[in-house]
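Trainee: Any chance you could fold what I've pasted below:
(chains A, B and C)
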Amino acid sequence: MNHHFTRRASLAAIGALVATGTRAFAAEAAPPVIRIGGVGYGYGKQFGQNAIAVAEAQRLVEAETKGAVRVEYQFFDHTGPAINEAIAAGQLDFASYGALPQIIGKANGLPTRIIANGGVSNIYVGVRSGVKANTIADLKGLRVTLQRGTILHQALDRLLAEAGLSEKDIQLYDLPTADQLTALTNGDADASVGVASILTLRDQGIVRIIYSTVGKTTPDGINAVAVTEDFSNKYPAATGAVVRAIVKAANWTAQPQNRNGVLDIWAKSGTPRKVLAEDLAGPLKDTSIPLIDELFVAGLKVSVDFSARNKLIRQPFDVDAWIDRRYVDSALRDLNLVSYWQPRHAPPSLAKQ
Amino acid sequence: MIRPLARRRIDVRGIVVPLVLAALWVVASVTGHWDPHLLVPPAQLARGFIATLHNADFWIAAGSSLLRLLTGWLAGSVAGVALGLVVGCSALAEQIGAPSLNAVRQVALFAWIPLLTAWFGDGNTAEVILIALAAFFPAALNTETGCRNAPIALREVGRVLEFGPREILRRIIIPAAMPSIASGLQIALTSAWIGTIGAEYLIDQGNGLGVFLSSARMDNRMDVVLFCIVALGFIGFALSTALRLAFAAGTPAMALAAVDD
Amino acid sequence: MIRAIPFVDIANPPELGRHARQRSQAAPTRWLAVALGAIVPLSVLAVWSLAVALHAMRPQILPSPLAVWAAGVDMLRSGDLASALEVSLGRVALGLALGSAFGLVAGAALGRSRTLDAYFGPILRAICQIPTIAWLPVFMLIFGIGEELKIAIIAKAAFLPILLNTFAGVRTASARYHEVANVLEFSPLQRLRFVTIPSALPMIVSGLRLALSNAWHVLIVVEMLASASGIGHVMAWSRTLFQLDVVFVTVVAIGVTGWLMDFAMRAAERRFSPWSASA
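Mentor: I've put the predicted structure just below:
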């Protein structure tokens, strides 16, 4: 390195150090703003229920970038299309949302990379009170509502297959959440597959829960954190900073003594705290895992396969090429958390992928 | 369609049917005859109404919707009137623009939402554009009709007095077209209000009465839903009445002002 | 009293520009008119292709004209488009029939009887104020989520214009005709057949045209929200699947269908009311 370059490099490096607060990538400029999106709930202003929400509440990304970069969060009421569109319109740099919408986006050419596990969403199957059904096999012939093209749809598919049934054995109604409520309330539907919001229905006496993934290790309910290729190419250090913030948030969430704090943050979204507490009855460590492990990758592949089979995407694509695990791995190393989470293995039925 | 404020005796008979329906409602919910989720018992309904009135979120949502409405309506109306004037006064412009405008007008308003959200994101921008679109067509169409119907005799007068094209526009055509334009603006306001609620309900991001309504549904709060519906109707009625009154009061003045300078 | 829609249907005025063509002395030749009319669409196509070539927006949200064309041809060939439209049009037809029937009866009744109008007028006017889509949640609770919901809400959308226009048409039936009917001592049924209906017909047809337009608009919304079939559903679903070329195709299909229906209604208007100002 000649002298001239070294001086410029040091100035740039100091700037980068201030901006990213990590080992300086020579001459990387700081991004003007970091825009992070996630799935949200609530009236009017949306709040999140995941590691991103914790990161926002505790301003972790700002800490990682030493406050030199403005960070904007946006929580979307309707995951999937809204977030894909925001990314396509160049309004988001990072997004944490469900695997299926991400796969639909990627298959249509959205230039994203998966850089972390977005945590696991618990899935419930509720049956209208008065309907005789206690197991998945009992769903045969019933009218089931859910949102097609989501991780819920995929979960039901797998559950039906395990019970020896297929989608043809039930009547599937594709409805948004609010209309599912209506349909269940006035008897137009017999069962529904959903996330924690179903628990509110159970508390109102409208449904009985006959299945839940709480405490189980399944390839369902996968969420992922993605970054646009543009952003990660231009600002690898900033990308690393964001991933570190997410890992920190996940770590904080996982600790039992922080449980109430976590619920406080997530309850801002309007979901009753009691429901959240029940949904997350298991160790939060398991549901907020940021690791890209075998189960995660296998689950993604199952999702791609499911999407192709159900004509949600025109053709499958290579999941391994989509994932970039460098950021998570280096974040875990930097924060000394390498052995904090156990990598989960894929069950044999999936491992053959 | 501008009517002067006529003195009307309030016809009491109009109250009878609503009262009868209300009575039936009370009876049905008391005897438990109907689904309590739809036919919310009047007491709970009243409580829900009052609670929502006290809910700051509701007023914020209403204010947000109104702001959006006004922005979109103004933008759409101005564009619509401008285009209507051009197409209405120039045969050439009409030949060029009319077919395309008619074609675009055929697309159901809310069918634009997927495209708008894809281009502008799921937020305020897409909603305001949709509202402007809703206001645009009635404004443009009625302005054009008004211009076309400006009596030829008046235009002759303009030619005799050797008015330039701009003067003809300002002093003859616009005042003559005013009733139609005013009517168009009123219809545009109604369309814009429907567009506002629809856009908010369908896009479901941010603040607004449509979003408030949608959230109430998700929480299965039928009382809040019914309140929202009533509020929507009321606001729509208030808006169109206000505009009608403004025009009724303003039109003679506007015409006078146009002549006076 | 219900405020009547004036004789000239301002709310859904005739096609833009027709007045000019009728009045214009030196009307351009037919194909010059076509050429002029094509300027705007061609320019839009040009700008669109340029934007795509310059990568102004990502191809996911701005597909190229060719991609849209290919998707359209694909959908036509596979019959998807046809079956979706068939479902949608079927719903419109049924809902329109239902809404018109109720609207005609109610409009005629209120038009003929001032007493009935005094009792029912105000509450109907109040219901007018609430946009049809706002009724969707309520209708869903009453009718469920099946076909009944779609038919019901389309019927509601069609009901109002027909009611108002029938009312106005019946009211404005010239007093002179009624005098003639009195002289000829018509029975109420004869009066209905020979005086009321013929003189109200132009306005009723106008109302039908507006009702059809309303019905089509409402159908699209309902199909976007609560349906698993129909052209509105295809549009919303392709948006979920992030296939914007298909969305474009459906938007065009919705526009073309709307235009065709309106064209047919305008022809009907002309046939039934050769003397009306809206022809």
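Trainee: Find the residue at the geometric middle of the chain.
Mentor: Since you didn't name a chain, this refers to chain A. By CA atoms, centre = their mean, chain A has its centre lying nearest to A:N223, at 2.5 Å.
Trainee: let's do chain C instead
Mentor: Centre-most residue of chain C, counting by CA atoms, centre = their mean: C:S213, 0.8 Å.
Trainee: one step back: which helix or which strand is home to the nearest residue to the residue nearest to the centre of chain A once chain neighbours are set aside?
Mentor: Leaving out its chain neighbours, the residue that sits closest to A:N223 by CB to CB, 6 or more residues apart in numbering or on different chains is A:G118, at 3.2 Å. Every residue, glycine included, has its C-beta placed from N, CA and C. Applying DSSP states H and E as the criterion places A:G118 in strand A:112-120.
Trainee: And the next helix or strand past that strand?
Mentor: strand A:124-128.
Trainee: nearest residue to A:D220 other than its sequence neighbours?
Mentor: A:D220's closest residue in space is A:A155 (CB to CB, 6+ apart), at 3.9 Å.
Trainee: Measure how buried the one you found is and give me the count.
Mentor: 24 (other CB atoms under 10 Å in any protein chain shown).
Trainee: Which of the helices or strands spans it?
Mentor: helix A:151-162.
Trainee: before we move on, back to that, tilt between the strand holding A:G118 and helix A:151-162?
Mentor: Going by axes from the mean of the first three to the mean of the last three CA atoms, to 10 degrees, strand A:112-120 is angled at 70 degrees with respect to helix A:151-162.
Trainee: measure C:L62 to chain B for me?
Mentor: According to CB to the nearest CB, to the nearest Å, C:L62 stands 7 Å off from chain B.
Trainee: I'd say that residue and C:H55 touch.
Mentor: No: at 9.0 Å, C:L62 does not count as touching C:H55 under the criterion of CB atoms under 8 Å.
Trainee: Of those two, give the one with the bigger neighbour count.
Mentor: Set C:L62 next to C:H55 and count neighbours by other CB under 10 Å: C:L62 wins out with 20 against 9.
Trainee: Tell me who's in contact with that one.
Mentor: B:119, C:48, C:51-52, C:56, C:244 (CB atoms under 8 Å, 6 or more residues apart in numbering or on different chains).
Trainee: Which of the helices and strands in the chain ranks last by mean pLDDT?
Mentor: Let's take chain A. The least trusted helix or strand in chain A, going by mean pLDDT, DSSP states H and E, turns out to be helix A:3-20, with a mean of 50.
Trainee: Not quite, go with chain B.
Mentor: Scanning chain B with mean pLDDT, DSSP H and E, the lowest is helix B:165-167, at a mean of 74.
Trainee: Name the residues that touch that helix?
Mentor: B:G158.
Trainee: Distance from it to the middle of the chain?
Mentor: From the chain centre to the centre of helix B:165-167 is a distance of 31 Å (CA atoms, centre = their mean, to the nearest Å).
Trainee: Give the next helix or strand downstream of that helix.
Mentor: helix B:174-203.
Trainee: does any bit of that next one sit next to chain C?
Mentor: Yes: residues of helix B:174-203 are located near chain C by CB under 8 Å from any CB of the partner chain, namely B:180, B:183-184, B:187, B:193-194, B:197-198, B:201-202.
Trainee: Give me every residue in chain C lying close to chain A.
Mentor: C:57-61, C:137, C:140-141, C:144-146, C:225-226, C:228, C:237, C:239-243.
Trainee: Mark which of those residues are buried, thanks.
Mentor: Buried subset of the residues of chain C next to chain A (neighbour count, 16 or more other CB atoms under 10 Å in any protein chain shown): C:57-58, C:60-61, C:137, C:140-141, C:144-145, C:225-226, C:237, C:239-243.
Trainee: Where helices are concerned, which of those count?
Mentor: With DSSP state H as the criterion, helices contain C:137, C:140-141, C:225-226, C:237, C:239-240 from among those.
Trainee: can you name the two of those that are farthest apart?
Mentor: Spatially, the most separated pair among these is C:L141 and C:R239, at 26.5 Å (CB to CB).
Trainee: Please list all residues in contact with C:T240.
Mentor: A:80-81, A:104, A:149.
Trainee: Any chance of CSV for the ones in helices among the buried ones among the residues of chain C next to chain A, columns pLDDT?
Mentor: Shown next, in CSV, are those (pLDDT from 0 to 100):
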residue, pLDDT
C:P137, 80
C:M140, 80
C:L141, 77
C:L225, 83
C:A226, 80
C:W237, 89
C:R239, 87
C:T240, 85
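Trainee: How many neighbouring residues does the closest residue to A:T253 other than its chain neighbours have?
Mentor: Excluding the flanking residues, the one nearest A:T253 by CB to CB, 6+ apart is A:S288, at 4.5 Å. A:S288: 24 surrounding residues under other CB under 10 Å.
Trainee: ok, now B:G158?
Mentor: B:G158, neighbours per other CB under 10 Å, totals 18.
Trainee: just checking, it touches B:R170?
Mentor: No: the criterion here is CB under 8 Å, and B:G158 misses it with B:R170 at 10.3 Å.
Trainee: and A:K140, what are its phi and psi?
Mentor: phi -60, psi 130 (degrees, to the nearest 10).
Trainee: C:V256 too?
Mentor: phi -60, psi -50.
Trainee: residue contacts, it?
Mentor: B:Q106.
Trainee: Apply 10 Å and report the result again.
Mentor: Counting by CB atoms under 10 Å, 6 or more residues apart in numbering or on different chains, C:V256 makes contact with B:103, B:106-107, C:85.
Trainee: Restricted to helices, list the residues you listed.
Mentor: Using DSSP H, the contacts of C:V256 in helices are B:103, B:106, C:85.
Trainee: State the mean pLDDT of the helix or strand harbouring B:S65.
Mentor: Take DSSP H and E as the rule and B:S65 turns out to sit in helix B:56-89. Average pLDDT, helix B:56-89: 91.
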